[in-house]
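Participant: Structure for this input, please:
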Amino acid sequence: MQTIQAGSAGGPEVLELVELPTPEPGPGQVRVRVAAAGVNFIDTYRRSGLYPVPFPHVVGGEGAGTVEALGEGVTRIDLGDRVAWASGAPGSYAEQVLLDTEHAVPVPAGVDLTTAAALLLQGMTAHYLVASTFPVTPGQDVLVHAAAGGVGLLLTQLAVARGARVIATVGAAEKEDLARGAGAAEVIRYDLLDDLATELPARVRELTGGAGVHTVFDGVGRATFDASLASLRPLGGLALFGASSGPVPPLDPQRLNAAGSLFLTRPTLAHYTATREELLWRAGELLDAVASGTLDVRVGATFPLADAAAAHRALEGRTTTGKVLLVP
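Facilitator: Numbering: from 1, shown residues only. Have a look, this model is predicted:
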């Protein structure tokens, strides 16, 4: 089978198309023929060496496809079932992958496999942020960074559905249109700001009558972190869930005190899907919303499996909107 392997830590150029033997599922596993694999920033962090992983390794951890082989002891999944996953299947940039059944999410009839592959990791990230990390309630003002990205578009829709007014940040005119289409009430173009750290918070406070927002959802990291803290009202919360612009430097906790007894957390999806029940709850709510037409999943770019390096360049270059997929 064809796979995309990172032979060493480095840039997108280390990704190579490699033929490997078709794997056989072990106990509690199924083999899935991959319909589409999700491309995520965590894949680039592992490829670059920012997150330590062994090399060489087949890249990717998200996707959707059809079950074509069952391992010993598998009872709740049948051959031909359509499943999606956001974990439990390392090496998802491949024609076939082994998936631990504990992490398999059934894909309902009303959702195609490409959409399921585009939804799960970023959708469940958005879900835990608005439902659990800092629960969004009616009447709140929330700031969503990179609102035209994969998480950002879903996060905006989910926050608006929970009754919040979303102030979005984007980096281009066409991305502003996407953010407004997802329900953002206000959009700030950070590409038009001379000093993001001071001008963005000033604009946020102007839009909130001087108060600041209740919550900031920040997946950008280094470039936006100071502006995020400065945009919060007293007792507000900053959820730093990514670092697409680079990691945030060490922080003196006294900054949180001085800025108004702020809350800061660095969450990750694994801790919000620690049980199968929680996984199926979050994924089920999202898939049901897609099937009913109340949640829109934007696939911004699709690349053949062999062009994984180009997909990583597009994602890291912030030239994409919505979800990036690889299709074997």
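Participant: What are the boundaries of the helices in the stretch 1-150 of the chain?
Facilitator: With DSSP state H, counting those that start in this stretch as the criterion, the stretch 1-150 of the chain has helices at 41-48, 113-128, 150-161.
Participant: Tabulate these (TSV), appending mean neighbour count.
Facilitator: All C-beta atoms are positioned from the backbone trio N, CA, C, and that covers glycine. Converted to TSV, the helices of the stretch 1-150 of the chain look like this (neighbours: other CB atoms under 10 Å):
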stretch	mean neighbour count
helix 41-48	21
helix 113-128	25
helix 150-161	26
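Participant: Kindly reformat these as TSV containing distance to Phe225.
Facilitator: Below are those laid out as TSV (distance: least, CB to CB, whole Å):
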stretch	distance to Phe225
helix 41-48	16
helix 113-128	18
helix 150-161	16
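Participant: Tell me which of the ones you listed lies nearest to Leu279.
Facilitator: The closest approach between Leu279 and any of those, judged by CB to CB, belongs to helix 113-128 at 7.9 Å.
Participant: coming back round to it: which stretch in the helices of the stretch 1-150 of the chain is the model least sure about?
Facilitator: Ranked by mean pLDDT, these end with helix 41-48 at the bottom, a mean of 94.
Participant: Who are the packing partners of that one?
Facilitator: Applying 3 or more CB pairs under 8 Å, 6 or more residues apart in numbering; DSSP states H and E, one finds that helix 41-48 contacts helix 308-316.
Participant: contacts for the helix it packs on?
Facilitator: Helix 308-316 has contacts (CB atoms under 8 Å, 6 or more residues apart in numbering) with 4, 12-13, 15, 17, 39, 41, 43-44, 47, 59, 93, 244, 301, 303, 320, 324, 326.
Participant: Just the buried subset of those residues, please.
Facilitator: Burial by neighbour count, 16 or more other CB atoms under 10 Å: within those this picks out 4, 12, 15, 39, 41, 43-44, 47, 59, 93, 244, 301, 303, 320, 324, 326.
Participant: Report the rounded mean pLDDT for the top strand by length along the chain.
Facilitator: Taking DSSP state E as the criterion, the chain has its longest strand at strand 29-39. Per-residue pLDDT over strand 29-39 has a mean of 98.
Participant: got the CA positions of that strand in CSV?
Facilitator: Output of strand 29-39 as CSV, limited to C-alpha atoms (Å, rounded to 0.1, in the frame of the first residue of the first chain):
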residue,chain,number,x,y,z
GLN,A,29,-8.3,-3.5,15.7
VAL,A,30,-9.9,-3.2,12.2
ARG,A,31,-8.2,-2.4,8.9
VAL,A,32,-9.8,0.5,7.1
ARG,A,33,-9.5,1.5,3.5
VAL,A,34,-9.0,5.3,3.8
ALA,A,35,-11.4,7.5,1.8
ALA,A,36,-9.7,10.7,3.0
ALA,A,37,-7.2,11.7,5.7
GLY,A,38,-7.3,15.0,7.6
VAL,A,39,-4.3,17.3,7.5
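Participant: quick one on the thing from earlier: nearest to His145 among the buried ones among the contacts of helix 308-316?
Facilitator: Closest to His145, out of all of those and judged by CB to CB, is Ser244, at 9.2 Å.
Participant: quick one: buried residues of the longest strand of the chain?
Facilitator: Residues of strand 29-39 classed as buried under the neighbour-count rule (16+ other CB under 10 Å) are 29-32, 34-39.
Participant: coming back round to it: quick check: strands, which of the contacts of helix 308-316 are part of them?
Facilitator: Reading strands off the contacts of helix 308-316 with DSSP E, I get 4, 15, 17, 39, 301, 303, 324, 326.
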